[in-house]
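Engineer: Give me coordinates for this.
(chains A and B)
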Amino acid sequence: MALSFSTTNKFLLNNQQILRSVLILSVRYKQRGHIADHLVEHHRQSALGKLKNGAAVDAFPPKDDTTKDLRTTPHDFKYVYPDFLPNPIPYLRDRILEKLERKDMFRRRQQIDIPEFYVGSILAVTSADPYAPNRRHRFVGICIQRERHGLKHQFTLRNIVDGLGVEISYELYNPTITKIEVLKLERRLDENLAYLRDAPPEYCTFPFDMEPVKLPPGAGVPLNTIQVPITSTHWQYKWERHDLKGILLPSLPRSVRKAAERFGEPWRQWDIMRQYRTEIHDDDKAEIYEDIEKHKEDLAQYRIDSKENVKITRARPKAAGRKAILDNSNRSNMSTSK
Amino acid sequence: MNRALQTVCTRLFTRPLLNLSSSSILPSTAVGINFIPCAWIRREKLTDQQMRLRYKKLHWHKFYDDKWVQRRGGGWDEKITPENVSFMQEIVYETYANKDSPLKDGPWQRGKFTIDPETIRTGVLGLKLGTLPQWDKRGRKFYVTLVQIIDNHVINYTPPEMINFRTLFTTRPLRRDLHGKVGMLVVGALSCDPRKFTRGYNGLFEQAGVPPKRKLTRFFITPNSAIKPGTPLYATHFRCGDYVDVQARSIDYGFQGVMRRYGFRGGPSDKYGSTKFHRKRGTIGSGRKHKVLPGTRMAGFMGNKLVMMKGLKIWRINTKYNVLYLMGPSVPGPNHGYIRIQDSTLYERKKMFTETNHPPFPTYYPDDNKSKSLDEELFADDIYRFDQPTLTLDDIQVAPLTAPRTAAKTAQKKK
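Structural biologist: Residues are numbered from 1 along each chain as shown, chains lettered A, B, ... in the order given. Model (predicted):
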């Protein structure tokens, strides 16, 4: 039976949690009352099904076999839009499910601007809270991790408030989130910064009134190569056993170091099958990216339409800005010089 | 049931039934039309509870009935050339394209939705796709299961007079008060190539004029909700905000121990010196009774049996792909598993249907609504649609934590 233990928390070493987090990876061979995955698609697009008087099948024509130009799909779109990539486990994949999920995600993205951010960026999230003053709750923190796929995508922000470490986990598509601002866009050397819990507090303290840091236009996402020292006496997880680049380990006893070598998996960087299993097929990625491009066009149109609805009436003519005055003076100078 | 008894029963029950109206010989204690005048079987009077337990224990693993026609046919290599393969596919397509649909003469006359003699509509056969999160208007998250209804057609209808309930092989025996009053409707899903099946199985679909189906299921309905064979069934057979009962074969976990199967706590780990007692059941005895009681929970095969969930709300319907969004993530079965969906039989939910407010009866016909086109997506009232603006929760009144003090009390305090 392909029961496996959930692998979302890769630092997990607690047996109790392993017992509870059991995930079904594939259907047992003796399971009855289901059909194979390829047959589902076959029936959705079968000509026999469409024959009889509007039978309930996919109204779209089947996917054409022309290979999409994969060069148009940028290879880094999985980092920019990690929530759009579905769970790579084949048992959980379904074309119609993903399509309907993406529709909802695009609709939500029309209502609120969900910016591009990475683990290590500093965000400010404002959510609607009926118990807070002004009915809005604003939290600033560094993004420690981004997990789950699709509408369930979550990100965790960490900050130290009044000497106490606070982590809040937000669902990206929760309708009560009113605003997500990226105060500082940057990346770190690791995908999961849970080690900040065992680091000195100055590494995760960010003032709530922090000013957004503006990057020059056209610049790439800066990489922060900071190495965080781990000074706490008790560590939550055994950081030396995981290949973390962004930490500065203190001097460890020889036995600990030997154990870390045993648990380390240096062959992982050459493990192609593992890489294949964590990613989905390129054709599916191309389909998703097409939808994202279409959404961007729709978004531009939606913004124009919504702006037209809101008419701004000016009582007085707009005062000339600094640029206009300079232009005028320049023009007068030029004319006089000529 | 043991084999001998079964064969005896089939032989007895397939002979023509007595015409009750004409004969006056039979005693007045006869129950409906299915009175079996055979003493040694009548002696076996089992209560409903006992019947349910007996069927639950014995028959859940039986996948077919000997009285059914042989289904699987073909499958051998007929050594057809590639050109002929496509030619055969075209022929198959054309036979069904040219076949006269029984709906040419129009559907059967519609019955009337009645409350007093209760009305039971058909159900629908769907395919479980997976789960998604959704939010309600107060910002609370819940999970929904998507179920797609692909290619459903009504295959056959048997009126109540022709049904013999004693012979019907059911894992969930039907309510006694409905015996003799309900007809049987056979619904099929997922059209297939007839070359996969035997001639007998393909013959079942002659009357309906549809290609043979991969999966068949039966629904017991009142005669006023009979539907003509050949009618397609859609997701709009239900309405948003209605409640449904769902039946499916649960996920197969194989042979599992008592901790996973029943949630027993087991024993301590080796850390506390526990000797050979970590995941065991413990004692099986029960005091002075010198036997193990029937029904004692032990290790065994878990899952892969029919499970019913009642009262699931339909939050959304997608009419383009025929997808229902049902409440909860725990609809039984694996992904891409068959699901039987019917109107809920819960008392409070049945009360919600009245003569004027009821779902499309007997089913949704697209011709009814030709004037106005159907929306692609239908929503229940209290779900948050993603094209609505952000939920600000401004209208939610929050009770203050401390009660406001009266003037007298504050005056006392000042003193």
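Engineer: and A:Glu279, what is it in contact with?
Structural biologist: A:Glu279 makes contacts with A:Lys78, A:Pro88, as judged by Cβ atoms under 8 Å, 6 or more residues apart in numbering or on different chains. Just so you know, the C-beta spots here come from the backbone N, C-alpha and C atoms, and that holds for glycine as well.
Engineer: Look up how far chain B lies from it.
Structural biologist: Distance, A:Glu279 to chain B, using Cβ to the nearest Cβ, to the nearest Å: 19 Å.
Engineer: Please enumerate the helices of the chain.
Structural biologist: Assuming you mean chain A. Here chain A has its helices, by DSSP state H, at A:15-20, A:37-44, A:47-51, A:77-80, A:95-111, A:254-263, A:272-278, A:282-309, A:322-337.
Engineer: nope, chain B
Structural biologist: B:3-13, B:39-42, B:48-59, B:82-98, B:199-203, B:258-262, B:347-351, B:407-414.
Engineer: For A:His149, grab the count of nearby residues.
Structural biologist: 17 (other Cβ atoms under 10 Å in any protein chain shown).
Engineer: just for the stretch 201-338 of chain A, where's the confidence low?
Structural biologist: Within the stretch 201-338 of chain A, the ranges that satisfy pLDDT under 70 run A:308-338.
Engineer: just to revisit the earlier point, for the helices of chain B, which has the smallest mean pLDDT value?
Structural biologist: Of all the helices of chain B, the minimum mean pLDDT falls on helix B:39-42 (a mean of 40).
Engineer: ok, and what's touching stretch A:175-182?
Structural biologist: Applying Cβ under 8 Å, 6+ apart, the contact partners of stretch A:175-182 are A:108, A:112-117, A:121-129, A:136, A:170-171, A:212, B:135, B:139, B:384, B:386, B:388, B:390-393.
Engineer: near chain B, which residues of the stretch 151-300 of chain A?
Structural biologist: A:Leu151, A:Lys152, A:Glu171, A:Tyr173, A:Asn174, A:Pro175, A:Thr176, A:Ile177, A:Thr178 (Cβ under 8 Å from any Cβ of the partner chain).
Engineer: Next, give me the two most distant ones among these.
Structural biologist: The span of these, defined through Cβ to Cβ, is set by A:Lys152 and A:Thr178 at 20.0 Å.
Engineer: where along the stretch 51-200 of chain A do the strands fall?
Structural biologist: A:122-128, A:136-147, A:154-161, A:164-171, A:177-184 (DSSP state E, counting those that start in this stretch).
Engineer: Chain neighbours aside, what residue packs nearest to residue 178?
Structural biologist: I'll assume chain A. Leaving aside its sequence neighbours, A:Thr178 sits nearest to A:Thr126 (Cβ to Cβ, 6 or more residues apart in numbering or on different chains; 4.9 Å).
Engineer: could you do chain B instead?
Structural biologist: Among residues not flanking B:Leu178 along the chain, B:Phe220 sits closest, at 7.0 Å (Cβ to Cβ, 6+ apart).
Engineer: any idea how far that neighbour is from A:Leu244?
Structural biologist: Going from B:Phe220 to A:Leu244 by Cβ to Cβ, to the nearest Å gives 62 Å.
Engineer: and what of A:Ile304?
Structural biologist: In terms of Cβ to Cβ, A:Ile304 sits 46 Å off from A:Leu244.
Engineer: who's more crowded, these two?
Structural biologist: Higher neighbour count among A:Ile304 and A:Leu244: A:Leu244, with 20 against 9, using other Cβ under 10 Å.
Engineer: B:Arg249 and B:Pro332 touch, don't they?
Structural biologist: Yes - counting by Cβ atoms under 8 Å, B:Arg249 does reach B:Pro332; the two are 7.0 Å apart.
Engineer: Give the intersection of the neighbour lists for these two.
Structural biologist: B:Val307.
Engineer: got a list of what A:Tyr173 touches?
Structural biologist: Contacts for A:Tyr173 were tallied using Cβ under 8 Å, 6+ apart; they are A:Asp83, A:Asp104, A:Met105, A:Arg108, A:Leu151, A:His153, B:Pro133, B:Phe386.
Engineer: And for the first one, the neighbour number?
Structural biologist: In this case it means A:Asp83. Neighbour count of A:Asp83, defined by other Cβ under 10 Å: 20.
Engineer: ditto for the fifth one
Structural biologist: A:Leu151: 22 surrounding residues under other Cβ under 10 Å.
Engineer: Please apply the same query to the last one.
Structural biologist: Taking other Cβ under 10 Å as the neighbour definition, B:Phe386 ends up with a count of 19.
Engineer: Tell me who's in contact with B:Leu204.
Structural biologist: B:Val69, B:Ile155, B:Asn156, B:Val186, B:Pro212, B:Leu216.
Engineer: Flag the least confident of these.
Structural biologist: Taking the contacts of B:Leu204 together, the minimum pLDDT is found at B:Val69 (87).
Engineer: Now that one: closest residue in space that isn't a chain neighbour?
Structural biologist: Closest to B:Val69 by Cβ to Cβ, 6+ apart is B:Gly200, at 3.9 Å.
Engineer: returning to what we had before: any quick ChimeraX command for the buried ones out of the contacts of stretch A:175-182?
Structural biologist: Buried subset of those, written as a ChimeraX selection, criterion 16 or more other Cβ atoms under 10 Å in any protein chain shown:
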select /A:108,112,114,117,121,122,123,124,125,127,128,129,170,171 /B:135,139,384,386,390,391,393
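Engineer: Near A:Pro82, how many other residues are there?
Structural biologist: 18.
Engineer: wait, doesn't it sit right on A:Gly150?
Structural biologist: No - look at A:Pro82 against A:Gly150 with Cβ under 8 Å: they stay out of range, at 10.4 Å.
Engineer: In chain B, mark out all the strands, start to finish.
Structural biologist: Applying DSSP state E to chain B gives strands spanning B:124-135, B:141-148, B:152-158, B:183-191, B:213-221, B:232-233, B:243-249, B:254-256, B:300-302, B:306-318, B:323-327, B:338-343, B:377-379.
Engineer: okay but B:Gly183 is in contact with B:Tyr157, surely?
Structural biologist: Yes - assessed by Cβ under 8 Å, B:Gly183 is found in contact with B:Tyr157 at 6.2 Å.
Engineer: Can you check which residues contact both of those two?
Structural biologist: Here B:Gly183 and B:Tyr157 share the contacting residues B:Ala226, scored by Cβ under 8 Å, 6+ apart.
Engineer: ok, back up a step: what is the neighbour count of the residue nearest to B:Val69?
Structural biologist: Neighbours around B:Gly200, by other Cβ under 10 Å: 12.
Engineer: Any figure for the gap between it and B:Pro194?
Structural biologist: Taking Cβ to Cβ, one finds B:Gly200 at 12 Å from B:Pro194.
Engineer: Check B:Leu233 too.
Structural biologist: Separation of B:Leu233 from B:Pro194 (Cβ to Cβ): 21 Å.
Engineer: got it, and B:Gly267?
Structural biologist: Distance of B:Gly267 to B:Pro194, given as Cβ to Cβ: 57 Å.
Engineer: Neighbour count: the two, which is higher?
Structural biologist: Taking neighbours as other Cβ under 10 Å, B:Gly267 and B:Pro194 compare with B:Pro194 leading, 19 against 15.
Engineer: Pretty sure that one sits against B:Val92.
Structural biologist: Yes - between B:Pro194 and B:Val92 there is a contact under Cβ under 8 Å: 6.7 Å.
Engineer: Overlap of the contact sets of these two?
Structural biologist: When contacts are counted by Cβ under 8 Å, 6+ apart, B:Pro194 and B:Val92 are jointly contacted by B:Pro211.
Engineer: Run a quick neighbour tally on B:Glu291.
Structural biologist: You called it Glu, but residue B:291 is Lys. Neighbours of B:Lys291 under the rule other Cβ under 10 Å: 8.
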